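>>> Sequence first, then the predicted structure:
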Amino acid sequence: MKQFKIKENYLLLKNWWEAIDLTNFEKSFLNREIISFNQQLLRLKEKKIRIGVYGKSGVGKSSVLNSLFKKDIFKTDIINGTTREIKSETWPLKDQKLNSLEFLDSPGFDFCNIKYPDKVYSCINNSDLILFIVSGDLNRNELSEISSFIKDGKKIILILNKIDQFNKNELKEIIENIKIKLPKDLNIPIIINHKNNLKNYLRKIINQYGEILLTLNSIQLADKLFLLIKEQRLKRRRKLAQTTIGKFSTIKASAVALNPFIFFDVAGSFAIDTALITELSKIYGLKLRGESTRKIFKNISINNLFLGVTQVGVNTSFNFIKKVTLLTAPFTNGLSLLPYGPIAIIQAAIAIHTTKILGKLAVKEIFIRSKASFIEPAIMIQNMTFNDPEIFNHINIYFSNRNLNNNFVNILP
């Protein structure tokens, strides 16, 4: 398996972040995500892995943490819902590559009086590793929460707590039922919280995967922030692109409607379309040369037969009729000019419609060709080699959902 050097990955992410020029609006709109990423970047620098503890009310999350620390750090009570907000405690590590563990205790996700439940989930979801505490067989709500974490590429360890309530056969049956409900393609460990079972397993998993989990989660948070920035910028560019397409549609409609000469009409339309593609490429940050612009225009015309025929064939026919009406006007006392107006209006309408189609297709083509002005954090993950299914399967799920939900085609004009 590829060895991770935290310092190198920290510098890569730091340089990536410093290269992004955010607007004041972006800083304000994405304030929470920016803070979360900067905190994660600091933890990466300090080699501090964060472990989130999550589960429904009454499963004993705080008690599990207290048993790990062998201290009553987190408040517990016989009444469910003692924990009302996120609380953290740091556990220093000795003789390991990481410096410390930070444990987050969270309120039960089903507790009604939680302040900002989305914030609680987000905080746990930003952890490098999640301990999901249960006190029996999984119910529907617990499965739903676990599925959400899995879709986000999170590494989960299931902790079976309060085992004194069950005999050996019942405990065995519960574990088998849980395994049946969990995804078959993922190895989600089920650890019984008994004596030092959990502490020994955590020590092993952190020693083996701690650096990787910390690094990958840092890159994932950077990637999520990148996608949010990209989405906001595409939304703003869509408005600008729509305005530009509208402007060129009007120019082209006027030129086509008023011009009776076929050669100048076709050549003028081509020049306007080329200028439109050039302007759209600037809006989307792709600097096209003349040859590239013509290639895009050619590809669009070939792939969209209706557009190609309408742009040239229909307009050529209408221009021929307009030219005939002008030439025959002196011989018909101007009566032949009567169809000129309606034909010009039809041509203008066709010009507006085809230009809008061309503009939308051009944006899509430009978007596919365009490259980000800075490296996508996801590429850093894609360039890594994972031979261990423990890590690869989780990352693969993250990328599958990322590609499914973030193609951004729906944000184009």
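Right, received. Where do you want to start?

>>> show me where this protein has strands.
Counting by DSSP state E, one finds strands in the chain at the ranges 48-54, 87-92, 100-105, 129-134, 156-160, 190-192.

>>> Quick one: those as JSON lines, columns for mean neighbour count and mean pLDDT too.
Using the backbone N, CA and C atoms, a C-beta is placed for each residue, glycine as well. As requested, these are exported to JSON lines (neighbours: other CB atoms under 10 Å; pLDDT from 0 to 100):
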{"stretch": "strand 48-54", "mean neighbour count": "24", "mean pLDDT": "95"}
{"stretch": "strand 87-92", "mean neighbour count": "14", "mean pLDDT": "89"}
{"stretch": "strand 100-105", "mean neighbour count": "20", "mean pLDDT": "93"}
{"stretch": "strand 129-134", "mean neighbour count": "24", "mean pLDDT": "95"}
{"stretch": "strand 156-160", "mean neighbour count": "21", "mean pLDDT": "95"}
{"stretch": "strand 190-192", "mean neighbour count": "16", "mean pLDDT": "94"}
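
>>> could you dump the ones you listed to CSV with distance to Gln242?
Output for the strands of the chain, formatted as CSV (distance: least, CB to CB, whole Å):
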stretch, distance to Gln242
strand 48-54, 42
strand 87-92, 47
strand 100-105, 44
strand 129-134, 42
strand 156-160, 43
strand 190-192, 53
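
>>> Let me see the domain layout of the chain.
Following automatic domain parsing, one finds the domains of the chain at 47-194, 232-369.

>>> lowest-confidence stretch among these?
Comparing mean pLDDT across those, the weakest is domain 232-369, with a mean of 65.

>>> List the buried residues in stretch 203-223.
205-206, 209-223 (16 or more other CB atoms under 10 Å).

>>> Return the residues in contact with Ile6.
Leu44, Lys47, Lys97, Glu211, Leu214, Thr215 (CB atoms under 8 Å, 6 or more residues apart in numbering).

>>> gap between the fourth one and Asn187?
Using CB to CB, to the nearest Å, Glu211 is found at 19 Å from Asn187.

>>> Helices of the stretch 101-250 of the chain, residue ranges please.
Along the stretch 101-250 of the chain, the stretches classed as helices by DSSP state H, counting those that start in this stretch are 117-125, 140-151, 168-181, 197-258.

>>> With just CA atoms, put the first one into PDB.
Below are the C-alpha coordinates for helix 117-125, written out as PDB (Å, rounded to 0.1, in the frame of the first residue of the first chain):
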ATOM      1  CA  PRO A 117     -29.000  18.900  14.500                       C
ATOM      2  CA  ASP A 118     -27.500  19.500  11.000                       C
ATOM      3  CA  LYS A 119     -24.500  21.000  12.600                       C
ATOM      4  CA  VAL A 120     -24.000  18.000  14.800                       C
ATOM      5  CA  TYR A 121     -24.200  15.600  11.900                       C
ATOM      6  CA  SER A 122     -21.900  17.700   9.800                       C
ATOM      7  CA  CYS A 123     -19.300  17.900  12.600                       C
ATOM      8  CA  ILE A 124     -19.300  14.100  13.000                       C
ATOM      9  CA  ASN A 125     -19.300  13.600   9.300                       C
END
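
>>> could you give the angle of that helix to strand 48-54?
With axes from the mean of the first three to the mean of the last three CA atoms, to 10 degrees applied, the angle from helix 117-125 to strand 48-54 works out at 130 degrees.

>>> same check, this time on the longest one
Counting by the same axes, to 10 degrees, helix 197-258 lies at 90 degrees to strand 48-54.

>>> what's the spacing between Leu198 and Ile205?
Distance from Leu198 to Ile205, by CB to CB: 10 Å.

>>> now swap in Asp223 and tell me
Taken as CB to CB, the span from Asp223 to Ile205 is 24 Å.

>>> same thing with Glu365?
From Glu365 over to Ile205 (counting by CB to CB), the distance is 47 Å.
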